[in-house]
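Novice: this one's structure only:
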């Protein structure tokens, strides 16, 4: 998923017609997650995070 796709996903959330309390993106590459974490959706009033899968474990990074 590129930066453009990430911004499109955040844009869709802005127009979603039901209540949203949290949005998470799941990926398995920490390098990409660290790049995406820089694009914080400052005008969306929801908790956002990236979940990095590591074998049978995971780590959650918050925007």
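Specialist: On my side now, so go ahead. None of the values given here were measured: they were computed from a predicted structure.
Novice: List the contacts of residue 27.
Specialist: 1, 33, 50-53 (C-beta atoms under 8 Å, 6 or more residues apart in numbering). Glycine gets a C-beta too; all of them are placed from N, C-alpha and C.
Novice: Packing partners of the helix or strand hosting residue 31?
Specialist: Taking DSSP states H and E as the definition, one finds residue 31 inside helix 30-36. Packing contacts for helix 30-36, counted by 3 or more C-beta pairs under 8 Å, 6 or more residues apart in numbering; DSSP states H and E, involve helix 3-15, strand 47-54.
Novice: Tell me, how many residues neighbour residue 53?
Specialist: Using other C-beta atoms under 10 Å, residue 53 is surrounded by 13 other residues.
Novice: Bridge partners for the residue most central in space within the chain, pull those for me.
Specialist: Centroid check for the chain by C-alpha atoms, centre = their mean gives residue 25 as the closest residue, at 4.2 Å. For residue 25, the beta-bridge partners are residue 50 (DSSP bridges).
Novice: burial measure for residue 35, as a count.
Specialist: 13.
Novice: now do the one 10 residues further on
Specialist: Using other C-beta under 10 Å, the number of residues around residue 45 comes to 8.
Novice: where does it fall, helix, sheet strand or coil?
Specialist: coil (DSSP: H, G, I helix; E, B strand; the rest coil).
Novice: Residue 4 versus that one, what's the distance?
Specialist: 23 Å (C-beta to C-beta, to the nearest Å).
Novice: for the chain, what are the low-confidence residue spans?
Specialist: 1 (pLDDT under 70).
Novice: re the thing from before, can you give the distance of the helix holding residue 31 from its chain's centre?
Specialist: Distance of helix 30-36 from the chain centroid (C-alpha atoms, centre = their mean, to the nearest Å) equals 10 Å.
Novice: How about stretch 6-16?
Specialist: 11 Å.
Novice: ok now the helix or strand harbouring residue 61, how far from the chain's centre?
Specialist: Per DSSP H and E: residue 61 is located in strand 57-62. The chain centroid and the centroid of strand 57-62 are separated by 11 Å under C-alpha atoms, centre = their mean.
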